[in-house]
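Chemist: Sharing a model that was predicted from the sequence below.
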Amino acid sequence: MGKSLFETYFSDIFETDLITEILECGKFMEVEVGHILASPNKITQAVPIILSGSVKISKLDDEGRETLLYYLKGMDSCVMSLNYCLNPNQKTEISAIVEDKTILMAIPAFKIPFFFAKYSSWRQFVFSNYQKRYDDLLMVVEDVLYKKLDERLMKLLEGKLQLSNSKVFFLTHEELANDLSTSREVISRVLKQLEKNGKVKMSRNRLELL
């Protein structure tokens, strides 16, 4: 199932020989919400290629505060993990946590430099993912500079809606605060105002987008 799914998704993107190598060395995985794919201060063992679902990539600062970097979805890979594979002694600075049930192919880290040197389609895939993530980070910077917090929060929730296809989210104010690099108290105040304006409905650890 996993191999045929991978071939279906990537037959028009990767060379046949590359697909064969990935299927030989890679590990097909189905992972549930909350599964940790990567955590800080670890050596990268594998790079995921997402077939379906979503994975949140974030970074902790020196004080332990989390900053959302981007989300991975279908046919994405994590450029941070790819970079760590090209610098094998470098420990990760990111966390990667499954947000929705996810199907992926995990490729051993030691294979990445060989793929990069051997296959033009792999290089194109990596550069395309770098461009996506660069665009994502530019958007984050623009949002922080030019958008009010309530607008950023609604955009975050609408993004979660697109990823999960559900208007109901089971998450805490603390998790939303981490995603937006602010405090739980601030998020609580903003959510109360959004609820008053008829945009969301709240209950304990449950949030509905109206």
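Modeler: Sure, I can see it. No experiment lies behind these values; they were computed from the predicted model shown.
Chemist: After the host helix or strand of residue 37, which helix or strand is next?
Modeler: Remark: residue 37 resides in strand 36-38, with elements defined by DSSP states H and E. Using DSSP H and E, the helix or strand that follows strand 36-38 in sequence is strand 46-60.
Chemist: what's the angle between the next helix or strand after that following strand and strand 46-60?
Modeler: Downstream of strand 46-60, the first helix or strand assigned by DSSP H and E is strand 66-72. Relative orientation of strand 66-72 versus strand 46-60 (axes from the mean of the first three to the mean of the last three CA atoms, to 10 degrees): 150 degrees.
Chemist: can you tell me which helix in this structure is longest?
Modeler: With secondary structure taken from DSSP state H, the chain has its longest helix at helix 120-146.
Chemist: That helix packs against which elements?
Modeler: strand 66-72, helix 79-86, helix 112-118, helix 149-164 (3 or more CB pairs under 8 Å, 6 or more residues apart in numbering; DSSP states H and E). Placement of C-beta: from N, CA and C, glycine included.
Chemist: right, and the ones you listed - which one's nearest residue 11?
Modeler: In terms of CB to CB, the element of the helices and strands packed on helix 120-146 nearest to residue 11 is helix 112-118, at 16.7 Å.
Chemist: Remind me what the closest one packs against, helices and strands.
Modeler: By 3+ CB pairs under 8 Å, 6+ apart, helix 112-118 packs against helix 16-25, helix 79-86, helix 120-146.
Chemist: Tell me which of those helices sits nearest to residue 54.
Modeler: When the helices and strands packed on helix 112-118 are ranked by proximity to residue 54 (CB to CB), helix 120-146 comes first, at 13.0 Å.
Chemist: quick one, that closest one and helix 79-86 angle?
Modeler: Using the same axes, to 10 degrees: helix 120-146 against helix 79-86 is 130 degrees.
Chemist: chain center to helix 120-146, what's the gap?
Modeler: Its chain's average C-alpha position is 12 Å from that of helix 120-146, according to CA atoms, centre = their mean, to the nearest Å.
Chemist: List the buried residues for it?
Modeler: By 16 or more other CB atoms under 10 Å, the buried positions in helix 120-146 come out as 121, 122, 125, 126, 129, 133, 140, 143.
Chemist: Please name the nearest non-neighbouring residue to the fourth one.
Modeler: It refers to residue 126. Distances taken as CB to CB, 6 or more residues apart in numbering put residue 82 closest to residue 126, at 5.9 Å, once the chain neighbours are dropped.
Chemist: neighbours around the one you found, how many?
Modeler: Residues within reach of residue 82, counting by other CB atoms under 10 Å, total 21.
Chemist: Please pull out the lowest mean pLDDT helix or strand from this protein.
Modeler: Between all helices and strands in the chain, the lowest mean by mean pLDDT, DSSP states H and E belongs to helix 2-10, at a mean of 79.
Chemist: And for that helix, what's in contact with it?
Modeler: With CB atoms under 8 Å, 6 or more residues apart in numbering as the test, helix 2-10 has contacts from 19, 22, 23, 26, 28, 29, 49, 51, 74, 75, 103, 105.
Chemist: Of those residues, just the buried ones, PyMOL syntax please.
Modeler: Here is the PyMOL command that selects only those of those that count as buried (16+ other CB under 10 Å):
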select buried, resi 19+22+26+29+49+51+103+105
